[in-house]
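Chemist: structure for this input, please:
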Amino acid sequence: MKKIYIIKTGSTFKATRDEFQDFEEWIIERSSASRSGFVTVDVQAGEPLPDLDLCGGIIVTGSHSMVTDEEGWSQTTGEWLADAVVREVPLLAICYGHQLLAKALGGVSDYHGSGMEIGTVGIALCEEARDDLLFCDMPGSFDAHTIHSQTVLTLPDGAIRLASNAHDTNHAFRVGRNAWGVQFHPEFGKGIMDSYIKEVSKTHDLDGYTQAALLENTRETHEATSLLKRFTRIVLG
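Modeler: Coordinates of the predicted model:
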């Protein structure tokens, strides 16, 4: 049976990892598939991308790297993702993955002009999401966890915008039949979001917010997290 390949494009902070583990573990924990159904490939560490014929589905993680740095492993992964879209392998790309997917397909990903988005935020579905296989049963608005300085400024040709908010026009999109990008983090829990706020605040300005205010506003985001279960059900049929 084909497996879901988690394409790991980076790791979280050491303090966050020590307490909560890493991106791939959060994805597996919040999906509806058994652990044995996943294979993690750490492309940032130089592990080779799998043959697409082996992939029942693909999930691309977030990263602390920047898409605009155009690192070699990232460029290669982007080309591989573009091929996966052509071959209609079910694909869910998260945060960095979302930006990389858009860029690989001819969109524009770069720094957001208004700075960082961080914390638990509200997101609204677009009308087009009502007919989307992944988003169709989601509520019209929902909370999600975010941490990003870069974003998808321009969608690729033919992509369908599915969700947005006041900060990001392109919080989610679909391209082709079954390839999705989401800027938010469905794999985060409240504890992980709290840890990110604490770690990021050590080295970055929080764009007018205080750490205390951001932490006071974090909460569990069950609707956003449900996307991982929905995606794995799509893969498993």
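Chemist: C-alpha from now on. contacts and neighbour counts both.
Modeler: Noted.
Chemist: what about the helices in the protein?
Modeler: Using DSSP state H, the helices of the chain run over 14-20, 23-29, 72-86, 96-104, 190-200, 211-217, 222-236.
Chemist: need the strands for this structure, in chain order.
Modeler: Secondary structure of the chain (DSSP state E): strands at 3-8, 38-42, 55-60, 91-94, 108-111, 117-125, 141-148, 150-154, 160-164, 172-175, 179-182.
Chemist: contacts for the longest one, please.
Modeler: It refers to strand 117-125. Residues from elsewhere that reach strand 117-125 (CA atoms under 8 Å, 6 or more residues apart in numbering): 139-149, 162-165, 167, 171, 193-194, 197, 206, 214-215, 217-219.
Chemist: apply 7 Å and report the result again.
Modeler: Here strand 117-125 makes contact (CA atoms under 7 Å, 6 or more residues apart in numbering) with 140-149, 162-165, 193, 214, 217-219.
Chemist: got the phi and psi for residue 203?
Modeler: phi -130, psi -10 (degrees, to the nearest 10).
Chemist: tell me, how many residues neighbour it?
Modeler: 8 (other CA atoms under 10 Å).
Chemist: and the gap between it and residue 197?
Modeler: For residue 203, the distance to residue 197 (CA to CA, to the nearest Å) stands at 11 Å.
Chemist: cool, residue 187 as well?
Modeler: 16 Å.
Chemist: got the strands of the chain as CSV, with distance to residue 20 columns?
Modeler: Shown next, in CSV, are the strands of the chain (distance: least, CA to CA, whole Å):
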stretch, distance to residue 20
strand 3-8, 16
strand 38-42, 17
strand 55-60, 19
strand 91-94, 18
strand 108-111, 28
strand 117-125, 17
strand 141-148, 16
strand 150-154, 24
strand 160-164, 28
strand 172-175, 26
strand 179-182, 22
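Chemist: the ones you listed: which one's closest to residue 225?
Modeler: Judged by CA to CA, the one of the strands of the chain that comes nearest to residue 225 is strand 141-148, at 8.1 Å.
Chemist: can you list the low-confidence ranges for the chain?
Modeler: For the chain, not a single residue meets the criterion pLDDT under 70.
Chemist: if we can go back for a sec, go through the helices of the chain and name the closest to residue 50.
Modeler: The nearest among the helices of the chain, by CA to CA, is helix 72-86 at 9.3 Å.
Chemist: buried ones in that closest one?
Modeler: Residues 73-75, 77-78, 80-82, 84-85 are the ones in helix 72-86 that count as buried (16 or more other CA atoms under 10 Å).
Chemist: pick the one among those closest to residue 59.
Modeler: For these, the nearest to residue 59 is residue 81 (10.4 Å; CA to CA).
Chemist: skipping adjacent residues, who's closest to that closest one in space?
Modeler: residue 101 (6.6 Å; CA to CA, 6 or more residues apart in numbering).
Chemist: so that neighbour is in contact with residue 79, correct?
Modeler: No - counting by CA atoms under 7 Å, residue 101 does not reach residue 79; the two are 8.9 Å apart.
Chemist: hang on, the earlier thing: residue 187 and residue 197: which is more packed in?
Modeler: Legend: neighbour count by other CA under 10 Å for residue 187 and residue 197, higher for residue 187 (26 against 22).
Chemist: near residue 204, how many other residues are there?
Modeler: Applying other CA under 10 Å, I find that residue 204 has 10 neighbouring residues.
Chemist: done for today, thanks.
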